[in-house]
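Engineer: Fold the following and give me the result.
(3 chains)
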Amino acid sequence: MYYGADYYPEHWPEARWTEDAVLMREAGINVVRMAEFAWTRMEPREGTFDFAWLDRAIDVLAGHGIDVVLGTPTATPPAWLMRSHPECFLVEEDRRPLTFGHRRNYCPTNSTYRDHTRRIVAAMAEHYAGHPAVIGWQIDNEFGDRCYCDSCVRAFHIWLEARYGSLERLNAAWGTDFWSHIYTAWNEIPLPWSGSHTHNPGLALDYRRFMSDAYVDYQRLQIEILRQYDPGKFITHNFMGFGYPKLNYYDLAQDLDMVAWDNYPRFQGLRHASMLALAHDTMRGLKSANFWVMEEQSGPAGQTQLGKTPRPGEIPFWTWQAIAHGADAIVYFRWRTCRFGAEEYWHGILDHDGVPRRRYREVAKVGAQLQRAGDVIVGSRVKARAALLLSYDSRFGFQNQPLNSVFSYERVFESYYRALWNRNIGLDVVSPDADLSDYAIVIAPSVYILPEDVARRLREYVSAGGALVTSCRSGVMDEHNVVVNQTLPGPLSELCGVVVDEYDSLDSVDAVVLRAEGPLGDAQFMSGVWVDVLEPQGAEVIARYGSDYYAGQPAVTAHRFGEGLAVYVGTVPDVAFIDVLCRWLCEEFDVRAPLDVPDGVEVVERNSDAGRLLFLLNGAGGERVVDVGVGGEDLVSGDMVAGHVAIPSLGVVVLRA
Amino acid sequence: MYYGADYYPEHWPEARWTEDAVLMREAGINVVRMAEFAWTRMEPREGTFDFAWLDRAIDVLAGHGIDVVLGTPTATPPAWLMRSHPECFLVEEDRRPLTFGHRRNYCPTNSTYRDHTRRIVAAMAEHYAGHPAVIGWQIDNEFGDRCYCDSCVRAFHIWLEARYGSLERLNAAWGTDFWSHIYTAWNEIPLPWSGSHTHNPGLALDYRRFMSDAYVDYQRLQIEILRQYDPGKFITHNFMGFGYPKLNYYDLAQDLDMVAWDNYPRFQGLRHASMLALAHDTMRGLKSANFWVMEEQSGPAGQTQLGKTPRPGEIPFWTWQAIAHGADAIVYFRWRTCRFGAEEYWHGILDHDGVPRRRYREVAKVGAQLQRAGDVIVGSRVKARAALLLSYDSRFGFQNQPLNSVFSYERVFESYYRALWNRNIGLDVVSPDADLSDYAIVIAPSVYILPEDVARRLREYVSAGGALVTSCRSGVMDEHNVVVNQTLPGPLSELCGVVVDEYDSLDSVDAVVLRAEGPLGDAQFMSGVWVDVLEPQGAEVIARYGSDYYAGQPAVTAHRFGEGLAVYVGTVPDVAFIDVLCRWLCEEFDVRAPLDVPDGVEVVERNSDAGRLLFLLNGAGGERVVDVGVGGEDLVSGDMVAGHVAIPSLGVVVLRA
Amino acid sequence: MYYGADYYPEHWPEARWTEDAVLMREAGINVVRMAEFAWTRMEPREGTFDFAWLDRAIDVLAGHGIDVVLGTPTATPPAWLMRSHPECFLVEEDRRPLTFGHRRNYCPTNSTYRDHTRRIVAAMAEHYAGHPAVIGWQIDNEFGDRCYCDSCVRAFHIWLEARYGSLERLNAAWGTDFWSHIYTAWNEIPLPWSGSHTHNPGLALDYRRFMSDAYVDYQRLQIEILRQYDPGKFITHNFMGFGYPKLNYYDLAQDLDMVAWDNYPRFQGLRHASMLALAHDTMRGLKSANFWVMEEQSGPAGQTQLGKTPRPGEIPFWTWQAIAHGADAIVYFRWRTCRFGAEEYWHGILDHDGVPRRRYREVAKVGAQLQRAGDVIVGSRVKARAALLLSYDSRFGFQNQPLNSVFSYERVFESYYRALWNRNIGLDVVSPDADLSDYAIVIAPSVYILPEDVARRLREYVSAGGALVTSCRSGVMDEHNVVVNQTLPGPLSELCGVVVDEYDSLDSVDAVVLRAEGPLGDAQFMSGVWVDVLEPQGAEVIARYGSDYYAGQPAVTAHRFGEGLAVYVGTVPDVAFIDVLCRWLCEEFDVRAPLDVPDGVEVVERNSDAGRLLFLLNGAGGERVVDVGVGGEDLVSGDMVAGHVAIPSLGVVVLRA
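Structural biologist: Model (predicted):
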């Protein structure tokens, strides 16, 4: 199993490299990622290349048994390039170009920048083709903000022409009759710059799709060069988890061999363990495959401000949680805290002074554990019987029209995830195009932009026996961000056996009383954000509003459809209600946790031909005792365990059953 | 009486038009406003016109007995125009031009834009001249934001030269000796762009006046064309109530035949009934005449975010309140919620799916009521014996120098309005140039910029027996936003029999104890925001400060002047104090409500030759019983009522006495 | 002793000047500052000068025995200049130029602006050279915001080349290997514009130093002209106290004869007396010499918003406090409140109407007192045995990387100042280059950027018997804003006998329990913002953390080093802890207040050959009784006082012992 760190030999005297390699080996490290920001070091002047320093660094590492993932350095263009070609700078929404001094400040559609990209990537790929220590490539770094430059204007027009064929079709699709925004030439179409207050929702959505496609295309440009020069190596990119909303990550993952991502649980406040789990599951779902963590937090982080220091035990805990959810390699960011540059506050395993301390010892301890357990784990698969459907189109739509001040697609999504995570139900996060037939339960919250073919597959899924939960603001828009010409929930109406009679947009998360009934018992909850007043057309009412002018009206319905069940949640309920709803569905559809454990203990299962691995992660503040029954080997400690096992806070047991 | 909706046939299949017309008629609708954003549909290419679709739509409507108000479409210039002439875009305070994608994004002084305006307005006017179904015109839509473009720079210089004649007079008027801002050529004078932190108050005020005049002038350009081609039709514009502070609405109303306005009680939070009343009274006051509501909210509203849905009964209640305050027609925005475009969240009477539901039924119910009552009401006049004096120049002045973080001219104004509204005292909102002789009480809060001729007329008004209330920050500035060369309140000092010895700017609304005395009794109140420490010179002290270093000093004075009384309120008191003050004045000057009613019931009176109409509007949360005495016919229900009448919450009785 | 007002005769009719002069004399005023914004009045067209009006004004004043300080008017360039040369406008961080309409809106490096500066300064200096009533010069006004224009880009490159000699040395010093920001030509180096999110800390720091130097250089340009034409007159500039963080005030003071500053205790909220004291002491420390207050608040202040009015007695109290701390002259801003211009809300001694009221009477009362006491006071010196070390480089560093949301270098600095001020310990505020040998105690809070030579001198100081207190985030960065290559506190580690084992950045000021021990007793306090977990290497632990994962770990240490003591405070403690720490140090190092007084009474000592002056300032809300022992003459009242003296709130006694 690969276990490693992001390493920047160019930041340190060459004399230190061997000491670093020795310390790495002692911590169990066998891989480093390198070079992903070192363009100018590799190409000091246009067309003049210098890989000698990097060759020597790789030699030192390889000499200590450490493999290398190389990054293409296109996230940080050289000063000589950007000074000569300022048109390569990314232009922000307010039409102002970025300036030199940061990273990810280039336009992905600019042809000059793409030419320079081809040259440096080809030079690297040619130089390292077949190098035995170089096991794979990372492309660029954490794609990417949206650009609003002239090159993007032209590229957008070409993209639109390819999509719509004619202006007549574009005008019809977007509804440009509104406010006389009818286009009579392609070059009349603006980007959704900030100087226009609001934009046509069709244009706004298509621009977001176009810009996502622009990065996919820019990535493909690099992939093709790497595959040509250095075939057989894996190619990846470091994604940014569930939270990053500007790219369609399913599209970006398509061309890659493998997904990797960057996990910073304590960068801006401590993120709840369920949110970390959601991020891992989302990343695993991009290609329905295991992944790497390419940057795992190993110290306090920040650029101009610094976040809290990881508490004792957190780094091992985060590492094991990542593995539980499908990580096949962990690479820490970064080996040693840099003494200079914009990230001199971003700490790694070692501090600025290079002295190993607590964080190094924690990393080394996990390294020793993985030397025992790693090979058993690698390649085993997480299998889930429940899934959440993640729609980037819907995120893009909500970015243009946030609905109200308290609505958040991400928070709604998280609340359903968390309810099932609390019950230790294994979950996949899947795209709207995914095959759903293996899932007993699918939750599709607020699928705001819902093309008819997705609706059709949801109907087929339920018809064949699946359980679907969907919620308010699903089925509102067609693929052009135009409100459907049917009564809501539009293409889901027949499936859910319900129509929306009227709705109410609320500025509070707990504005309305919600009363469960029927199969959910008769408890009382709160909801808010949005109210659909429902009119059942075949569905059973399982909750009603208990306040405001819609008191007594249906709020949540369940509809037997074919062999399955479709639940429509017409509001944004509190966590307690979602918990009750999920408990009922899990019972009805026989979806259960791998093991019964006390509150605060996360259980995740990985499976392979070699058997079943049960990850028990105690995220509670104190010790928890878990009954593991007949038990088996704990891969973490190497001990055999059975019956009642005490796990300390932040402790982990990996049971090989 | 006209009752209608804003209708956009170009958003819907022609096949639907007839169904819409039928549904309209069934709801009592007899007028629609159309075409005000349809420039490109009417002129798809420069100089090529297409009115056929609009002709057909008008025919369908006329065929169902529905008249039409046509809007000139200049708020939404075509893409082909703005792409060819980007210099037409309005430039914001930070010197950045707006972009395509919204509306009201043009510069009103740009000569190219004015040429295009002339062409489309003339084409429309010529085509529809004399059309029997077209009863009037609306110009543009909700004028307008301030522009800071090069065209406006030149136009401002011309405007200044016309106003001042010479730079010597301008320099003297503005006091450009301060900070060496002396101008030696007209083209040295900047606009008050944002890159200058603060600006000379004289320049800042004149720029605001200039930009208001620019819209008045741009409107006049259109009016002249319409009058030339289609004489005899009314011409209006849709104003934005009391709250809109960027244009001098008295000036903008001058050239029009009639004022119309757009009333959205639940667009951004529910506005208090008194604020709606103030808006109606302000609009009525612009021309001292009845008005139309051209856009009355008929569904939840918003562009990127959506506000709350009007509660059951609110739409009828708002409609009747508008009529009570002088509306002679109600037009709802909009007939049907658009499925696309920047306002796809802005709901109309029908939802996106075109299905009539609760809101349609409420509109239809009022339609039926108005078919009975409308013709009796139309043309009757609201008569008030009290007035508030509204100074746009003062608003402009406070926009440049907001005084402190809690001061708001609008809130001060509203607090006096509300105190009288609470007592059901009919009110006019009048300009500083208005004839005041018919009023028993005039309240002129914080007339910050007070030219000597206005001061003179206030003196004459009081001298002849009127009661005047004015307040701190009145009489501070001359017409150039220069502090007067007298002791404050400057030109009001003799009238009020008081001078300001010193003042204190406070950052809280309830910083100081205020103790009434003399005719106001001896209760204790709070005030804040501003303290004038007064020195009476003939006036009687009727309240003193009760805290801080000015404890015991005079705060409010009353001065018998000629036959009348002038009250000077040296601070911003709480509502309770203003209520006590107004009660005393109403008693002294014999101003009373048309009927004694329980709290929460609004009473407004309209009169005509045919008699007296008493509008009783129950805005309270529950039923209220009103003693209507001998009573008469209730025009809403058609019943005869007398004695104690129970009115439910949101219920309305219109008593024809 | 000079006592005066800032006077603008150009704002008033010439007929009023004599009345002003008479009123001034009656108030004891004998000096005015004039002309510092009157460029266009003095040079109405390029090269045409008009000093006649200023000559006449000086004559009127001189005729009443009032001397004049003249200001060069370069803070307010004429409209004719900026219209012809828009490239002279200062450009803001977002790359947008300022516009005409304010002041301090020019670029100090622009060669055109420097040419115009030379001409007007030379013309003034030549005209007034040797004028008997003109006693000195003030240069410009309140330097200066940072500029980001093209001229500054070029000037920055020249500055960098002079500093580093070669790009190799610059790249090495800044660590441009990070993110591939290696520069291969000087003109590739950007300014730290806002479009780059974060910048290389070395670049960011050097830019701030460069821009500070740019103003120093621009000031020197003027000084040289004045010295050439009008030798023998003092030259000063009006600084902005402790709070202004954008210029290195030690550098700016270097070339001047004297420091003056502008004191506005009630401009934006009332500043605590200790903060005013800190500002005075900081200004006195710039040249280790007495200073002038060139603008002392004399009325409510503000530009677009207005602050509170000085309470009765505050103006005299602020005046005496300034004198106590080393002011040798007080000049009030401003004589009369201007009726126009951007500061028409900024009040002076007289109101807009020119009528003398309370504030005039208070100024006149102090004027009378100073006629008795002034000459005894002038030239006497404040002597302190404790000092705070103020590092502008560290402020610049924290501006680039604020550490976290609650950290403030200024607040940390103030907390130590206030603890000693509370005990009436006289304090100097000194630069990192100062000679420390006369001080018993030196406090150097968060000396973030700490060149080795400063560290060496701190070691020498302690070694020779001094007491040093330093705190977390000291010794972190070398002079290039690069983290030191040693374990923290880097070059202070040996001196403090401690290393930092790990640290924690906190988002709250009271996140952690702090337990004193040993010489500090055993009380419990709170701290926050930052935690250094310390590992003593010779030092004694005098406080430990009492919570979080570092509970029980060392937080504050004391280390005997040579003859002295070095205290390292690893966190940001509450005021109570700092108070206990300071009390202990004062006892240990025999530093004491000049007199024991009740809480709320400030005591400051000035000394001269003529003896000792004890200023007793009662800033408490009520009367305080002070035991002055044998006593002496009270210079304020002229009375002899002894034993227990009652001082009313805001009362002042100056005891000549």
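Engineer: do the strand or helix carrying A:L495 and chain B meet?
Structural biologist: Remark: A:L495 resides in helix A:493-496, with elements defined by DSSP states H and E. No. Counting by Cβ under 8 Å from any Cβ of the partner chain, chain B is not contacted by helix A:493-496; separation bottoms out at 10.5 Å. Bear in mind the C-beta positions are built from the backbone N, C-alpha and C, glycine included.
Engineer: Report the distance from that helix to the chain centre.
Structural biologist: The chain centre lies 30 Å from the centre of helix A:493-496; the measure is Cα atoms, centre = their mean, to the nearest Å.
Engineer: Against which helices or strands is the following helix or strand past that helix packed?
Structural biologist: Once the chain leaves helix A:493-496, the next helix or strand it forms, by DSSP H and E, is strand A:498-505. Counting contacts by 3 or more Cβ pairs under 8 Å, 6 or more residues apart in numbering or on different chains; DSSP states H and E, strand A:498-505 packs against strand A:524-536, strand A:554-561.
Engineer: Deepest-packed of the ones you listed, please.
Structural biologist: Stretch with highest mean neighbour count among the helices and strands packed on strand A:498-505: strand A:554-561 (a mean of 24; mean count of other Cβ atoms under 10 Å in any protein chain shown).
Engineer: Distance to chain C and mean pLDDT for the helices and strands packed on strand A:498-505 - can I get that in JSON lines?
Structural biologist: As requested, the helices and strands packed on strand A:498-505 are exported to JSON lines (distance: least, Cβ to the nearest Cβ, whole Å; pLDDT from 0 to 100):
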{"stretch": "strand A:524-536", "distance to chain C": "28", "mean pLDDT": "98"}
{"stretch": "strand A:554-561", "distance to chain C": "38", "mean pLDDT": "98"}
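Engineer: how about those in TSV, adding distance to chain B?
Structural biologist: Below are the helices and strands packed on strand A:498-505 laid out as TSV (distance: least, Cβ to the nearest Cβ, whole Å):
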stretch	distance to chain B
strand A:524-536	9
strand A:554-561	15
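Engineer: Would you format those as CSV with distance to B:W193 included?
Structural biologist: What follows is the helices and strands packed on strand A:498-505, written out as CSV (distance: least, Cβ to Cβ, whole Å):
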stretch, distance to B:W193
strand A:524-536, 40
strand A:554-561, 52
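Engineer: Go through these and name the closest to C:P310.
Structural biologist: Between C:P310 and those, the tightest spacing by Cβ to Cβ is seen for strand A:524-536, at 49.0 Å.
Engineer: any idea of the angle the closest one forms with strand A:554-561?
Structural biologist: Angle of strand A:524-536 versus strand A:554-561, following axes from the mean of the first three to the mean of the last three Cα atoms, to 10 degrees, is 60 degrees.
Engineer: quick one: strands adjacent to strand A:524-536?
Structural biologist: Within its sheet, and counting by DSSP bridges, strand A:524-536 is paired with strand A:498-505 (antiparallel), strand A:512-516 (antiparallel), strand A:571-573 (antiparallel).
Engineer: So which of those has the densest surroundings on average?
Structural biologist: For those, the largest average neighbour count (mean count of other Cβ under 10 Å) is found in strand A:571-573, namely a mean of 29.
Engineer: I'd like the next helix or strand past it.
Structural biologist: helix A:575-588.
Engineer: buried ones in stretch A:352-367?
Structural biologist: Under the neighbour-count criterion of 16 or more other Cβ atoms under 10 Å in any protein chain shown, stretch A:352-367 has A:352-354, A:356, A:359-360, A:362-364, A:366-367 buried.
Engineer: Next one: that stretch, is it in contact with chain C?
Structural biologist: Yes. Stretch A:352-367 is in contact with chain C by Cβ under 8 Å from any Cβ, via A:352-353, A:355, A:357-359.
Engineer: mean confidence for the helix holding A:L495?
Structural biologist: This predicted structure assigns helix A:493-496 an average pLDDT of 98.
Engineer: elements contacting the helix or strand harbouring A:C152?
Structural biologist: When elements are assigned from DSSP H and E, A:C152 belongs to helix A:150-164. Helices and strands touching helix A:150-164, as assessed by 3+ Cβ pairs under 8 Å, 6+ apart, comprise helix A:167-174, helix A:201-229.
Engineer: so what does the following helix or strand past the last one touch, helix or strand wise?
Structural biologist: Spelled out, it's helix A:201-229. Sequence order places strand A:234-239 as the next helix or strand after helix A:201-229, per DSSP H and E. Using 3+ Cβ pairs under 8 Å, 6+ apart as the contact definition, the elements that strand A:234-239 packs against are strand A:134-138, helix A:201-229, helix A:249-254, strand A:258-263, strand A:291-297.
Engineer: could I get the ones you listed as CSV with distance to chain B?
Structural biologist: Supplementary listing: the helices and strands packed on strand A:234-239 in CSV, determined by distance: least, Cβ to the nearest Cβ, whole Å:
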stretch, distance to chain B
strand A:134-138, 37
helix A:201-229, 6
helix A:249-254, 24
strand A:258-263, 30
strand A:291-297, 34
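Engineer: Can you tell me which of these is packed in deepest?
Structural biologist: Using mean count of other Cβ under 10 Å, strand A:291-297 ranks as the most buried of the helices and strands packed on strand A:234-239, with a mean of 26.
Engineer: show me where the stretch 251-400 of chain A has strands.
Structural biologist: A:258-263, A:291-297, A:327-333, A:381-382, A:386-389 (DSSP state E, counting those that start in this stretch).
Engineer: Now mean pLDDT too, for the ones you listed, in a markdown table please.
Structural biologist: As requested, the strands of the stretch 251-400 of chain A are exported to a markdown table (pLDDT from 0 to 100):
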| stretch | mean pLDDT |
| --- | --- |
| strand A:258-263 | 98 |
| strand A:291-297 | 98 |
| strand A:327-333 | 98 |
| strand A:381-382 | 96 |
| strand A:386-389 | 98 |
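Engineer: Mind putting those into a markdown table with distance to A:P312?
Structural biologist: Below are those laid out as a markdown table (distance: least, Cβ to Cβ, whole Å):
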| stretch | distance to A:P312 |
| --- | --- |
| strand A:258-263 | 19 |
| strand A:291-297 | 14 |
| strand A:327-333 | 16 |
| strand A:381-382 | 28 |
| strand A:386-389 | 33 |
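Engineer: looking at those, which is closest to C:C582?
Structural biologist: Closest of these to C:C582 is strand A:291-297, at 39.2 Å (criterion: Cβ to Cβ).
Engineer: Poorly predicted segments of chain A, please.
Structural biologist: Counting by pLDDT under 70, chain A contains no low-confidence segment.
Engineer: Around chain C, pick out the residues from the stretch 101-250 of chain A.
Structural biologist: A:101-103, A:105.
Engineer: let's go with 10 Å and repeat that
Structural biologist: Applying the criterion Cβ under 10 Å from any Cβ of the partner chain, the portion of the stretch 101-250 of chain A that neighbours chain C consists of A:101-105, A:141.
Engineer: how does chain A divide into domains?
Structural biologist: By the record's domain assignment, chain A is partitioned as A:1-6+A:259-371, A:151-201, A:386-588, A:601-656 (automatic domain parsing).
Engineer: so can I have CSV of these showing distance to C:L520?
Structural biologist: As requested, the domains of chain A are exported to CSV (distance: least, Cβ to Cβ, whole Å):
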stretch, distance to C:L520
domain A:1-6+A:259-371, 26
domain A:151-201, 55
domain A:386-588, 47
domain A:601-656, 33
